[in-house]
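Enquirer: Fold the following for me, if possible:
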Amino acid sequence: MLKSARKQVTDPEGRMPLVEHLRELRNRLAKAVLAIVVVTIVAAFFYKGIIEFFTDPVLKAVGCESSFAELAKQEDGTCARIVLNGLLTPFTLALKVSLMAGVVLSSPIWLYQLWGFVAPGLHKQEKKYSLAFVGAGFPLFLAGGFFAYKTLPTMARVLLDFSPAGLDNQLPLDDLLDLITRMVVVFGLSFELPLLLVMLNFGGVVTGKRMLGWWRGMVMGITVFAAVATPSTDPVTMLALAGPIWVLYFVATLVSLFNDRRKALRAVAGPGDDEASELDLTPEDIGEIEPVPTGRGATTGGVPAQGKSEHDRVNGYDDIT
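Expert: The predicted structure is shown next:
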């Protein structure tokens, strides 16, 4: 009964009062948080496997082919040791890894909830574009994280080569996972740069021609960013980050150029049914002023017209009655 009454008061144009917006925001936030919590609980049962998934390439890169259990039995070794410091560290590490996995793996759900809250206020074309941006953003972030995962062994090998001979390397596991997380986040967000440029182009902020003119500065800036963002000094890791971003930047420029051309064709055809036409507020010349013929009550030089006196004027105007 309540649902039917709520439908009756709904605005025909799809608008809702502030209370309804807040209620919908609360429901969608609850669904997003519930999805994160459920996936985090499931990931907690496999957090050891998640840790080994990220640390095994690093161990193999520095000459450790054994597992954690086998490394713990070895008294001497030439490879790096991954250790834990503190009594509460294993528990806090398990929570951190599980929560990180929950946020990442449940991202399609909470991104969909975010889309569902924003979509009703968009036009048909805007809905299509925003859905495409959300759909492309997640794969791009995963692609960046994949590149980070593949470059981690090379980075670890280069960094550990700075160790003096005869010393045993001990890598705190929490610090190592923090470094891996930062690398994945940096690589993932850097892969979102082309998507951001395309969004600015679709929003009319920057044109594809201007983006094409930035190519020298963008290539240099991306290279410097890759050199700073990667902890190691080897060119392989730097190029692994910079190379794909170069390619994605030029792909974004090409998409923007096609979008500018499409906008020009649509401007000739006119706006769509659900779009407002643009107002031309440019002032125009009104031309010469047309002379106004004098009437019965007109005056010349402040003198009343013939047949009329000042007593016949009401509030400065002729009494034409």
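Enquirer: Now do the helix or strand where Leu34 lies: which elements does it pack against?
Expert: Leu34 is part of helix 18-44, with elements assigned from DSSP states H and E. Other helices and strands packing on helix 18-44, by 3 or more C-beta pairs under 8 Å, 6 or more residues apart in numbering; DSSP states H and E, are helix 89-105, helix 107-118. C-beta here means a position set from N, CA and C on the backbone, and glycine is covered the same way.
Enquirer: name the helices or strands packed onto the strand or helix carrying Thr223?
Expert: According to DSSP H and E, Thr223 maps onto helix 215-229. For helix 215-229, the elements it packs on are helix 173-190, helix 235-269, judged by 3+ C-beta pairs under 8 Å, 6+ apart.
Enquirer: and Ile36, which of these is closest to it?
Expert: Ile36 sits nearest to helix 173-190 of all these, at 16.5 Å, using C-beta to C-beta.
Enquirer: Can you point out the buried residues in that closest one?
Expert: Residues of helix 173-190 classed as buried under the neighbour-count rule (16 or more other C-beta atoms under 10 Å) are 173-174, 176-177, 179-181, 183-184, 186-188, 190.
Enquirer: Reformat the helices and strands packed on helix 18-44 into JSON lines and put mean neighbour count next to each item.
Expert: Supplementary listing: those in JSON lines, determined by neighbours: other C-beta atoms under 10 Å:
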{"stretch": "helix 89-105", "mean neighbour count": "16"}
{"stretch": "helix 107-118", "mean neighbour count": "16"}
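Enquirer: Next, count neighbours for Glu24.
Expert: Glu24 is flanked by 14 other residues according to other C-beta atoms under 10 Å.
Enquirer: So which residues make contact with the helix holding Thr223?
Expert: Residues from elsewhere that reach helix 215-229 (C-beta atoms under 8 Å, 6 or more residues apart in numbering): Val186, Phe187, Ser190, Met238, Leu239, Leu241, Ala242, Ile245, Trp246, Tyr249, Phe250, Thr253.
Enquirer: Who wins on neighbours among those?
Expert: Using other C-beta under 10 Å as the neighbour criterion, Phe187 leads those with 26 neighbours.
Enquirer: how near is it to Val251?
Expert: In this view, Phe187 and Val251 are 17 Å apart by C-beta to C-beta, to the nearest Å.
Enquirer: Kindly report the same for Pro108.
Expert: Pro108 is 24 Å from Val251, by C-beta to C-beta.
Enquirer: and if you look at Glu192?
Expert: Distance, Glu192 to Val251, using C-beta to C-beta: 13 Å.
Enquirer: can I assume Leu84 is in contact with Ala94?
Expert: No: counting by C-beta atoms under 8 Å, Leu84 does not reach Ala94; the two are 11.0 Å apart.
Enquirer: What's the local residue count around Thr55?
Expert: Using other C-beta under 10 Å, Thr55 has 20 other residues around it.
Enquirer: Report the separation between it and Met211.
Expert: According to C-beta to C-beta, Thr55 stands 40 Å off from Met211.
Enquirer: what's the answer for Phe54, then?
Expert: Counting by C-beta to C-beta, the gap from Phe54 to Met211 is 36 Å.
Enquirer: One more: Gly86?
Expert: 49 Å.
Enquirer: which of the two has more neighbours?
Expert: Each of Gly86 and Met211 has its neighbours counted (other C-beta under 10 Å); Met211 has more, 24 against 11.
Enquirer: helix, strand or coil for that one?
Expert: helix (DSSP: H, G, I helix; E, B strand; the rest coil).
Enquirer: Not counting sequence-adjacent ones, nearest residue to it?
Expert: Nearest residue to Met211, sequence neighbours excluded (C-beta to C-beta, 6 or more residues apart in numbering): Thr253, at 4.6 Å.
Enquirer: does the one you found really touch Gly208, like I thought?
Expert: Yes: Thr253 lies in contact with Gly208 (C-beta under 8 Å); the separation is 5.9 Å.
Enquirer: contacting residues for Leu111?
Expert: Taking C-beta under 8 Å, 6+ apart, one finds Val134, Gly137, Phe138 in contact with Leu111.
Enquirer: repeat that with 6 Å
Expert: With contact taken as C-beta atoms under 6 Å, 6 or more residues apart in numbering, Leu111 is in contact with Val134.
Enquirer: ditto for Thr207
Expert: With contacts defined as C-beta under 6 Å, 6+ apart, Thr207 is in contact with Asp260.
Enquirer: Check the gap between it and Asp260 for me.
Expert: Per C-beta to C-beta, Thr207 is found 6 Å from Asp260.
Enquirer: before we move on, back to that, could you dump the helices and strands packed on helix 215-229 to JSON lines with mean pLDDT and distance to Leu114?
Expert: JSON lines is the format used below for those (pLDDT from 0 to 100; distance: least, C-beta to C-beta, whole Å):
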{"stretch": "helix 173-190", "mean pLDDT": "83", "distance to Leu114": "17"}
{"stretch": "helix 235-269", "mean pLDDT": "84", "distance to Leu114": "23"}
